[in-house]
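A.B. asks: got a predicted model here, sequence first, then my questions.
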Amino acid sequence: MKPNETLWNQTPVNGSNGHNGNHSGKHGHFHDEIGENHVATSVETPLRPDAFELSDEQKIEMIESRFREIMDILGLDLNDDSLNGTPRRVAKMYVKEIFSGLNPENKPEITLFDNHYNYREMLVEKDITFSSNCEHHFVPIYGRAHVAYISKGKVIGLSKLNRIVQHFARRPQVQERMTRQIAEELKKVLNTEDVAVLIDANHMCVSSRGVMDPNSSTITADYSGKFKNSETRKEFLRYIKM
Ligand SMILES: [Zn+2]
């Protein structure tokens, strides 16, 4: 038996609560509450220990067949030319693109350089455009991340800051957790506590369903080290014009 076949098979076909049976078993009664209030349960993305025992190819095949079932249950005619390639397309997109950041193997390699120019002020990389997906509804979250750090002697290639943001965006996410994950990763790779992350994002689960508000956006921030100082924080916010 494949590692997660048991869990898949337990998922009720008529899944009346609209959520993954796999999770409702574990968190039971308060699952819907979490879904509506967008509260993350932990800084780490909740992954099972066997999350990467299946190869990407096996995952694509299994998701393809399950997605075909979902479309079929919805009554879509999968013999239609326009629809018959969709299950495989979605499966590949999940594994290789929009959820590829679940796999630690896909984390960007970070190289640091000596701070030869003795630059001692904060470095701000602003307007890092990302798209992610809400883990409660599996619809897009898109927006901009602004990150800053003050070097402790080493500096990072600028594009790596974008890559770190993109890596954590390519998972089912909660904005609060994504903000913390990016901050923790930056602190680790840059070997400094002096890190700030601010994310301003739109959630399709708010704009296209539920309250249907297309104009609101969500701001989250994480400040550590010197950024806890209000002057330093103000300087950062001035640079990103918040
Ligand atoms: Zn949502």
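C.D. replies: That came in fine, so what should we check first? Residues are numbered from 1 along each chain as shown.
A.B. asks: C-alpha only now, for contacts and for neighbours.
C.D. replies: Will do.
A.B. asks: any idea how far residue 146 is from residue 221?
C.D. replies: 9 Å (Cα to Cα, to the nearest Å).
A.B. asks: which neighbours do those two have in common?
C.D. replies: Residues touching both residue 221 and residue 146 (Cα atoms under 8 Å, 6 or more residues apart in numbering): 197-199.
A.B. asks: what helix or strand is the closest residue to residue 110 other than its chain neighbours on?
C.D. replies: In space, and not counting its chain neighbours, residue 110 is closest to residue 160: 6.8 Å by Cα to Cα, 6 or more residues apart in numbering. Assigned by DSSP states H and E, residue 160 belongs to helix 158-169.
A.B. asks: next step: the shared contacts of residue 221 and residue 146 restricted to strands.
C.D. replies: Per DSSP state E, strands hold the following members of these: 197-199.
A.B. asks: now flag whichever of those residues is closest to the ion.
C.D. replies: For those, the minimum distance to the ion (Cα to the ion) is 16.1 Å, reached by residue 199.
A.B. asks: close to the ion: what parts of this protein are there?
C.D. replies: 134, 136-137, 205 (Cα under 5 Å from the ion).
A.B. asks: longest helix anywhere in this protein?
C.D. replies: helix 56-73 (DSSP state H).
A.B. asks: next, the buried residues of it.
C.D. replies: Across helix 56-73, burial judged by 16 or more other Cα atoms under 10 Å covers 59-60, 62-64, 67-69.
A.B. asks: could you do stretch 182-198 as well?
C.D. replies: For stretch 182-198, by 16+ other Cα under 10 Å, it's 182-184, 186-187, 190, 192-198.
A.B. asks: what's the answer for stretch 214-232, then?
C.D. replies: 219-224, 226-227.
A.B. asks: which ones among those residues map onto strands?
C.D. replies: Using DSSP E, these in strands are 219-223.
A.B. asks: export these to CSV and tack on pLDDT?
C.D. replies: Output for these, formatted as CSV (pLDDT from 0 to 100):
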residue, pLDDT
219, 97
220, 98
221, 98
222, 98
223, 98
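A.B. asks: so which of those is the closest to residue 117?
C.D. replies: Lowest distance from residue 117 to those (Cα to Cα) belongs to residue 223, with 25.5 Å.
A.B. asks: ok, what's across the strand from the closest one?
C.D. replies: Counting by DSSP bridges, residue 223 is bridged to residue 196.
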